[in-house]
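>>> predicted coordinates and the sequence they were generated for:
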Amino acid sequence: MSSLIVLDISQNTISGHIPNCLGNIKTLLFNNVSRNKLSFKFPSRIPNSYLFSDDSLELVTKGQVLQYDRNLHFMTLIDMSSNNLSGTIPPQLFSLIGLHSLNLSNNKLEGEIPNEIGNMKNLESLDFSTNQLGGEIPESLSRLSFLGYLNLSFNNLTGKIPPGTQLQGFSVLSYMGNHDLCGPPLTKSCFPDDEHVHEDGNEFKFLTWFYIGLESGFVTGFLGVCCTIFLNRKLRHAFFKFLYDLKDRIHIMVMTNINRLHNYTGIFHS
């Protein structure tokens, strides 16, 4: 099947497995196995009775249905959406470097997105939505410069969306439903705890230096006043006179309050 042009086994009740030799179909234009009940186990061959060709096809790409007639030979596409596919995505699939559109949405695929996806330099549309894919989004995906449509929503993807305008430029809808995914364009920060600790650390540092400055200022001011008093005779005498007067005033105030308290308790007992 190395010279296969069109493979369309859509809208059937075919059971069995998708072969792992898809990566050898270098001239593949269209492979449509959508709306079937296939399992993703990858045996070695597929019956020739399922092969036929067509010069006009409706293809689902970039989130919409498009009709291809004369330009069909310019469009290479694999659509396996809306099946019961299970297992992991085989890395062999990403050896189709001429592929323009890949749709594996609405299945039960699991595991991580293979890093080999970065080999598909001509990919314009990628839809892995509504599966059970986990792990982080591979960095290699951010290097697909022609990618104009991306849908990874409703999976179990985790971690930070790889930086760069290629992936962070897509809508939030491309990533929704992945609760452990973070980073732009999502509003969820990847390091909320670290940011909180960083803010608390800055506040603690500010308060530490504030109190150090306050204590230093108090000590400096106190020593300055003491030196001024003890070096100036008139100020020294005035200061000690103030202390003696203050002591007498405090003594008189205390004795007066004690006498008032005694008088009050005597009236209460009588």
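Right, received. Where do you want to start?
>>> do a quick rundown of the strands in the stretch 1-150 of the chain.
Secondary structure of the stretch 1-150 of the chain (DSSP state E, counting those that start in this stretch): strands located at 6-8, 30-32, 57-61, 64-68, 77-79, 86-87, 101-103, 108-112, 125-127, 132-136, 149-151.
>>> now the third one: average pLDDT?
Confidence for strand 57-61, expressed as mean pLDDT, is 50.
>>> what strand or helix carries Met253?
helix 233-269 (DSSP states H and E).
>>> and that helix, which residues are buried?
Using 16 or more other CB atoms under 10 Å as the burial criterion, none of the residues of helix 233-269 qualify. From N, CA and C alone the C-beta is placed, and that goes for glycine too.
>>> for that helix, the averaged confidence score.
So the average pLDDT for helix 233-269 ends up being 75.
>>> and that helix, what does it pack against?
Under the contact criterion of 3 or more CB pairs under 8 Å, 6 or more residues apart in numbering; DSSP states H and E, helix 233-269 touches helix 192-231.
>>> could you chop this structure up by domain?
Per automatic domain parsing, the structural domains of the chain span 6-188, 193-269.
>>> worst average pLDDT in those domains?
If you rank the domains of the chain by mean pLDDT, domain 193-269 sits at the bottom with a mean of 70.
>>> surely Pro184 touches Pro162?
No - using CB atoms under 8 Å, Pro184 makes no contact with Pro162, being 10.5 Å away.
>>> which residue sits closest to Lys188, ignoring its sequence neighbours?
Cys182 (4.5 Å; CB to CB, 6 or more residues apart in numbering).
>>> against Lys160, how distant is that neighbour?
Distance, Cys182 to Lys160, by CB to CB, to the nearest Å: 6 Å.
>>> do the same with Thr187
As for Thr187, its distance to Lys160 is 14 Å (criterion: CB to CB).
>>> now do Thr130
Going from Thr130 to Lys160 by CB to CB gives 22 Å.
>>> repeat that for Gly213.
From Gly213 to Lys160 the distance is 40 Å (CB to CB).
>>> which one's more surrounded, those two?
Lys160 (15 against 10; other CB atoms under 10 Å).
>>> need the contact list for that one.
136, 182-183, 190 (CB atoms under 8 Å, 6 or more residues apart in numbering).
>>> quick check: beta-bridge partners of Gly135?
Here Gly135 sits in beta bridges with Leu157, going by DSSP bridges.
>>> tally of neighbours for it?
Quick note: Gly135 (other CB under 10 Å) scores 14 neighbours.
>>> go on, the one 10 residues further on?
Neighbourhood size, Ser145 [other CB under 10 Å]: 9.
>>> now Gly87
Gly87, neighbours per other CB under 10 Å, totals 16.
>>> how close does it get to Leu104?
11 Å.
>>> for His262, same thing?
Here His262 is placed at a distance of 96 Å from Leu104 (CB to CB).
>>> cool, and Met176?
For Met176 relative to Leu104 (CB to CB), the value is 18 Å.
>>> list the contacts of Pro91.
For Pro91, counting by CB under 8 Å, 6+ apart, the contacting residues are 114, 116.
>>> right, I'll call it a day here.
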